[in-house]
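Asker: sequence unknown, structure follows:
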């Protein structure tokens, strides 16, 4: 039987795979400038203890996400000059850079006709993907979503219609559709005992050339189970079964989050190479909370100064050329999308699949 100490060491994962931990020291005159300073031994131990407590907390899921830049030069620029913006704005889905499909894909609308037309297009797209995959993968994926779906939805509330919109979108995102993926408003994470290694694999995978990249990052993220802004790939599998569709098995323990990784819940990230963890860079706002409040409940994330009326947040989002930005209203815990050119704010919908079709 494993001792408590052995169990704690195992759940630390990459946090025990490196002794190189740092955070940001912000320039007091120009907040966009900073240097990286090493964490002291007692601060590293404090961080590891926080990670252990988070892993043991039944109300949250500690997740990882692998990502990388196009080149080593871009990676170095991100490390040397992009971290302040990253820890104020967060990590975004591709939707925020390529938004031709519009906000209608993510936010509830009163226009039922448009939404139903969109769902029918999605249903047809998903069925085509199933047909292609079924013939290629020898029946591992099979079935079709019924053409009677729209007839059923005609008489349903908008919340049910929106849930189907989100469900069909999440299937296309999970399948990895190359045409759809750049416009997806989901961002993928992985969880479980192998999350850091899985995330490193995706961080270093070159999607275009089937080769490995030299360097990448693995974000560590706190996901609140009580906020219905995410769906797991295992849920997709079960829900698809209810409609006589056999979907892909969840081999990567994937969780799909709507919109963004909120900076309040990003603990930081590992810099990784093949079979190597170089260092962990701690979110400046987490570091600040660790230093000032030893009793803070980190399962709820941390306060992030996004400026008066989110001025700093919007300025950084513009610098990053985001067409849409995500705002997290900590007073009520809700999450919002702001389209920059129109300045209209819309609540991110909950994911709820309780219907009888």
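Answerer: Sure, I can see it. These numbers come from a predicted model, not from an experiment.
Asker: now the helices for the stretch 251-357 of the chain?
Answerer: For the stretch 251-357 of the chain, applying DSSP state H, counting those that start in this stretch gives helices covering 284-292, 311-319.
Asker: Could you say which one of those helices comes nearest to residue 31?
Answerer: Nearest to residue 31, of all the helices of the stretch 251-357 of the chain, is helix 311-319, at 8.3 Å by C-beta to C-beta. To be clear about C-beta, it is placed using only N, CA and C from the backbone, and glycine gets the same treatment.
Asker: Show me which positions of the closest one end up buried.
Answerer: By neighbour count with 16 or more other C-beta atoms under 10 Å, helix 311-319 contains the buried residues 312-317.
Asker: Which elements pack onto it?
Answerer: Applying 3 or more C-beta pairs under 8 Å, 6 or more residues apart in numbering; DSSP states H and E, one finds that helix 311-319 contacts helix 83-89, strand 324-329.
Asker: what's the longest one in contact with?
Answerer: Same thing as helix 83-89. In this structure, residues lying in contact with helix 83-89 by C-beta atoms under 8 Å, 6 or more residues apart in numbering are 24, 26, 31-32, 34, 78, 263, 266, 281, 283-285, 304-306, 312-313, 316-317, 319-320, 322, 325.
Asker: Mind listing residues that contact the longest helix along the chain?
Answerer: Secondary structure of the chain per DSSP state H: the longest helix is helix 112-136. The contact list for helix 112-136 (C-beta under 8 Å, 6+ apart) reads 104-105, 109, 140-145, 147, 149-150, 153-154, 158, 161-162, 164-165, 168-169, 171-172, 175, 177, 180, 245, 248.
Asker: let's see 7 Å
Answerer: 104, 109, 141-145, 149-150, 153, 158, 161, 164-165, 168-169, 171-172, 175, 177, 245 (C-beta atoms under 7 Å, 6 or more residues apart in numbering).
Asker: How far does the helix or strand just after that helix sit from its chain's centre?
Answerer: Scanning forward in sequence from helix 112-136 by DSSP states H and E, the next helix or strand is helix 149-153. The chain centroid and the centroid of helix 149-153 are separated by 31 Å, computed with C-alpha atoms, centre = their mean, to the nearest Å.
Asker: Okay, buried residues for helix 149-153 please.
Answerer: Buried-residue list, helix 149-153, by 16+ other C-beta under 10 Å: 149, 153.
Asker: what's it packed up against?
Answerer: helix 112-136, helix 158-175 (3 or more C-beta pairs under 7 Å, 6 or more residues apart in numbering; DSSP states H and E).
Asker: now the strands: where do they sit in the stretch 151-300 of the chain?
Answerer: 186-190, 216-224, 230-232, 254-258, 260-261, 266-273, 276-282 (DSSP state E, counting those that start in this stretch).
Asker: how about the buried residues of helix 311-319 in JSON lines, adding distance to residue 297?
Answerer: Listed next are the buried residues of helix 311-319 as JSON lines, based on distance: C-beta to C-beta, whole Å:
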{"residue": "312", "distance to residue 297": "25"}
{"residue": "313", "distance to residue 297": "23"}
{"residue": "314", "distance to residue 297": "28"}
{"residue": "315", "distance to residue 297": "30"}
{"residue": "316", "distance to residue 297": "27"}
{"residue": "317", "distance to residue 297": "28"}
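Asker: Using JSON lines, lay out these together with distance to residue 192 and pLDDT.
Answerer: Converted to JSON lines, the buried residues of helix 311-319 look like this (distance: C-beta to C-beta, whole Å; pLDDT from 0 to 100):
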{"residue": "312", "distance to residue 192": "35", "pLDDT": "80"}
{"residue": "313", "distance to residue 192": "32", "pLDDT": "76"}
{"residue": "314", "distance to residue 192": "36", "pLDDT": "76"}
{"residue": "315", "distance to residue 192": "37", "pLDDT": "81"}
{"residue": "316", "distance to residue 192": "32", "pLDDT": "79"}
{"residue": "317", "distance to residue 192": "32", "pLDDT": "76"}
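Asker: any idea which of the residues you listed is closest to residue 292?
Answerer: residue 312 (20.0 Å).
Asker: Which residue lies closest in space to that closest one, excluding its sequence neighbours?
Answerer: Among residues not flanking residue 312 along the chain, residue 306 sits closest, at 5.5 Å (C-beta to C-beta, 6 or more residues apart in numbering).
Asker: give me phi/psi at the one you found?
Answerer: Backbone geometry at residue 306, expressed as degrees, to the nearest 10, gives phi -100, psi 10.
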